[in-house]
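Peer 1: Model the structure of this input:
(chains A and B, ligands or ions: 3)
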Amino acid sequence: MKAVTWAGPNHVEVRQVDEPVILNERDAIVRVTSTAICGSDLHLLDGYVPTMQNGDVLGHEFMGEVVEVGPGVDPSRLRVGDRVVVPFPIACGSCNACAAQLYACCENSNPNAGIAEKLYGHPIAGLFGYSHLAGGFAGGQAEYARVPFADVGPLKVPDGLTDEQVLFLSDILPTGYMGAEMCDIQPTDVVAVWGAGPVGQFAIDSARMLGAAMVVAIDKEPYRLSLAEQAGAIPINFTEADVRAELLELTGGRGPDKCIDAAGMEATHGSMPIDVYDRAKQAVRAETDRPHALRQAILSCRSGGIVSVIGAYGGFIDKFPVGAWMNRGLTLRSGQCHVQRYMAPLLERIQRGDIDPTRVITHTMSLDEAPHAYDLFKNKQDDCLKVVLRP
Amino acid sequence: MTARHHRTRQRASTDPGRWGRRLGWLSIGLGTLHLAAPGLVRRVGGVDDSAASRTVVRLIGARELVHGAGLLFGRNTRGWVWSRVGGDALDLASLGVALARRRGIRRARLMGATGAVLAMTAVDVATAVRAGRSRARRLMELTGTTTIRRPRSDVYAFWRRLENLPRFMTHLDEVEEIDARHSRWRATAPFGRTVSWDAEIIQDIPDTRIAWRSAGDAAVRNLGTVTFTSAPDGVSTEVRVRIAYDLPGGRLGAAVAKFFGEEPHQQVADDLRRLKQALETGDVVRSEGALWGERARKEFPQRPAKPPRADELVRGADELVRAANELVRGGLA
Ligand SMILES: NC(=O)c1ccc[n+]([C@@H]2O[C@H](COP(=O)([O-])OP(=O)(O)OC[C@H]3O[C@@H](n4cnc5c(N)ncnc54)[C@H](O)[C@@H]3O)[C@@H](O)[C@H]2O)c1
Ligand SMILES: [Zn+2]
Ligand SMILES: [Zn+2]
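Peer 2: Ligands and ions are numbered 1, 2, ... in the order given. A predicted model of the protein is given here:
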């Protein structure tokens, strides 16, 4: 079968690989009908996430039809022929983390837990197509994918919904929603969102859905900002304006009550020297992540506010404004999204018409065009916001 | 955070490298001092009147940096410490020559330097001897702990059926229960051939504690205990394991030590992870990168995360045995 593989930093290749087989009793094989490229894939592409290997199959946002199930899959939960969306964290459903709905911290789904434990103190769940640190699982940007613990995660799609409407339940819609949910939004809240990529867009939608008084979107790409504006947010272009001053102006000097970092470890800085400083440190691995959005969010947030981090970070950062965070009583919340927790309720919202996930799709391409698609998405060309690949 | 995390804490009490690392840092410090401030070293050492000492001090600095790097990053601690002893001997010889030629304040300073080198030599020799002894008979004690979301009685029962042990302890091939107290254990690795020994249960407190030890003339005498306690959440069980191996000297002991590798506790940690998976999910999870779930010996090197070829799946079953054989051939060569 065809699969999109990592072939070294900034290099993806569509290669012919074997079709997946059942490896564990509770596996299912899914014939992928739609899969998407995520901002997280860009971190892998650039080589900022350690333990990638040449030949790793990429992709953690996918859906399709179940074509085979292992002998341990409970038939009342999943059968051949079911149409499913697959959540990107692999979770066993029976450990203490899963019992607490912390699916992205599942204690049993990462065969390389020992490595993760060394880097992070405690292991993280296995994730599809997301490095060997996250288990070494083949991803879903392929014609077929193996799904472990298939009777736990995958969500059956009711008839009458298109792939485009439900595909993003696999990751970015729940992620954006969790970003907003972690903010404990009150009707009086001003919520600022750093990053107007697909995740940021859904954080904006969710913040509005959860009743924020005002939502502000911060990015540098005019086309992304104008999409955010159409979704009801006030745009700030951080290359043109002083973000903090602008936020103070909008909030009568208080600062936003809640801040969401949806930019992550490859954020850029409006000021050249600071950006160069962090890029240099990242290049020589003196810091692994560039935390511009995070620093700015902490410094902008009103005292006692919440900073919610859904942008991905992988290792260590420099110049974390710990003084601001501590002395002004800020709350920092974060996490890989516990997707399984949000799939069913968000599906309902889609069915009710509360939210339209298709609004972020700008490109639909074939699997063969994946290298070009990665280019467009990475370099923000052709007004690219979200690419759906159809194997 | 409400979840009780799977935690694995381990301790290995055989580490001879601690002093080696201290000496490594000392070497780095001395080397840097000799190279960065040779003038100061020559003055304090009382040899600032000799032109040749300029070169000698620099050479000593370079040598110490090599020693430091070797001790901190190299594998053979013992070799590097003996190399330091050699360096000490050279230094003492040159100091002797220098002493014979000097009087007054310089002689006093030289005496001081000689005293310092003598003290260092004593530490080096002691460390080298200690590192050497780790090749002799010694006790290797491994501990590990995890929390399993199953009642104490279930976890105890699973462990008490000793036939289950090879399902999560990868170094075991088979455990056969002979009667309520006695069992026969068989392992392939690390000896390259099948080794078996008898074990007896010496304490068995249902749902609480099991202790066993090897009986008769086991090649590697061993002793283990596992305790089961209720976690504060009321539904999970905390499992604590302690296993001690009485490693014989010579090639056998060396092969076993090599099998457990530089981080022997990792073995117990991985075993407990598999135990937890087996009990909580009924299976040991496999990924395309780490295909051999239950039988996996090492997390790295991995294969790329792409579906395996059919022949890789067949071959994998023998992987463990072959890897063990290679390990032993390498270890005993
Ligand atoms: N927590 C999770 O479970 C989870 C899930 C999916 C994605 N993510 C992460 O979310 C982040 C966003 O994902 P995406 O798919 O939207 O990616 P993306 O790359 O399309 O979007 C990132 C956006 O941030 C903007 N940006 C860069 N620097 C900025 C700055 N200093 N201030 C404000 N905006 C800045 C970029 O211009 C870009 O539009 C990534 O880090 C991704 O890894 C996390
Ligand atoms: Zn994603
Ligand atoms: Zn779990």
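
Peer 1: Pick out the residue in the stretch 101-250 of chain A sitting closest to ligand 2.
Peer 2: Nearest residue of the stretch 101-250 of chain A to ligand 2 (CB to the ion) works out as A:Asp171 at 4.0 Å. (C-beta placed from N, C-alpha, C; glycine too.)

Peer 1: wait, chain A
Peer 2: Nearest to ligand 2 in chain A, going by CB to the ion, is A:Cys38, at a distance of 2.9 Å.

Peer 1: my guess is the residue of the stretch 101-250 of chain A closest to ligand 2 meets A:Asp41, correct?
Peer 2: No: A:Asp171 is beyond contact range of A:Asp41, at 10.4 Å (criterion: CB atoms under 8 Å).

Peer 1: give me the low-pLDDT residue ranges for the stretch 101-250 of chain A?
Peer 2: Across the stretch 101-250 of chain A, nothing is flagged by pLDDT under 70.

Peer 1: nearest spatial neighbour of the closest residue to ligand 3 within the stretch 151-300 of chain A, skipping sequence neighbours?
Peer 2: In the stretch 151-300 of chain A, the residue found nearest to ligand 3 is A:Val152; the distance is 8.1 Å by CB to the ion. For A:Val152, ignoring the flanking residues on the chain, the nearest one in space by CB to CB, 6 or more residues apart in numbering or on different chains is A:Gly93 at 3.7 Å.

Peer 1: Angles on the backbone of the one you found, please.
Peer 2: In terms of degrees, to the nearest 10, the main-chain angles of A:Gly93 are phi 80, psi -10.

Peer 1: Check A:Gly135 too.
Peer 2: Dihedral angles phi and psi of A:Gly135 (degrees, to the nearest 10) take the values phi 110, psi -20.

Peer 1: Am I right that it is in contact with B:Leu291?
Peer 2: No: in this structure A:Gly135 lies outside contact range of B:Leu291 using CB under 8 Å: 11.9 Å.

Peer 1: If you count surrounding residues, which of those two has more?
Peer 2: Set side by side, A:Gly135 and B:Leu291 give different neighbour counts by other CB atoms under 10 Å in any protein chain shown, the larger being at A:Gly135 (30 against 19).

Peer 1: burial measure for the residue lying closest to that one once chain neighbours are set aside, as a count.
Peer 2: Distances taken as CB to CB, 6+ apart place A:Gly126 nearest to A:Gly135, at 3.1 Å, with adjacent residues excluded. Using other CB under 10 Å, the number of residues around A:Gly126 comes to 30.

Peer 1: How about stretch A:17-31 and ligand 3, any contact?
Peer 2: No: for stretch A:17-31, no contact with ligand 3 is found by CB under 5 Å from the ion; the gap never falls below 12.1 Å.

Peer 1: Mind listing what's buried along that stretch?
Peer 2: For stretch A:17-31, burial by neighbour count (16 or more other CB atoms under 10 Å in any protein chain shown) applies to A:17-18, A:20-24, A:26-30.

Peer 1: Now the two most distant members of these.
Peer 2: Distances among these were taken as CB to CB; the most separated pair is A:Val17 and A:Arg26, at 22.8 Å.

Peer 1: May I see the buried residues of the regular element (helix or strand) spanning B:Val256?
Peer 2: Taking DSSP states H and E as the criterion, B:Val256 maps to helix B:250-260. Applying a neighbour-count criterion of 16+ other CB under 10 Å, one finds B:252-253, B:255-257, B:259-260 buried in helix B:250-260.

Peer 1: Now pLDDT too, for these, in JSON lines please.
Peer 2: Below are the buried residues of helix B:250-260 laid out as JSON lines (pLDDT from 0 to 100):
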{"residue": "B:Leu252", "pLDDT": "76"}
{"residue": "B:Gly253", "pLDDT": "77"}
{"residue": "B:Ala255", "pLDDT": "76"}
{"residue": "B:Val256", "pLDDT": "76"}
{"residue": "B:Ala257", "pLDDT": "75"}
{"residue": "B:Phe259", "pLDDT": "71"}
{"residue": "B:Phe260", "pLDDT": "72"}
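
Peer 1: And these, which is closest to B:Val241?
Peer 2: Nearest to B:Val241 out of the buried residues of helix B:250-260 is B:Phe260 (CB to CB; 14.5 Å).

Peer 1: Just give the nearest non-adjacent residue to the closest one, would you?
Peer 2: The spatial neighbour of B:Phe260 that comes closest, neighbours along the chain excluded (CB to CB, 6+ apart), is B:Gln267 at 5.6 Å.

Peer 1: what about A:Gln230, how many neighbours?
Peer 2: Residues lying near A:Gln230 (other CB under 10 Å) number 10.

Peer 1: With A:Val67 instead?
Peer 2: For A:Val67, the neighbour count with other CB under 10 Å is 14.

Peer 1: shouldn't it be in contact with A:Arg31?
Peer 2: Yes: A:Val67 is within contact range of A:Arg31, at 5.0 Å (criterion: CB under 8 Å).

Peer 1: In chain A, which helix is the longest?
Peer 2: In chain A, ranked by residue count with DSSP state H as the criterion, the top helix is helix A:339-352.

Peer 1: Return the list of helices and strands in contact with that helix.
Peer 2: Judged by 3 or more CB pairs under 8 Å, 6 or more residues apart in numbering or on different chains; DSSP states H and E, helix A:339-352 is in contact with strand A:155-156, helix A:163-166, helix A:172-181.
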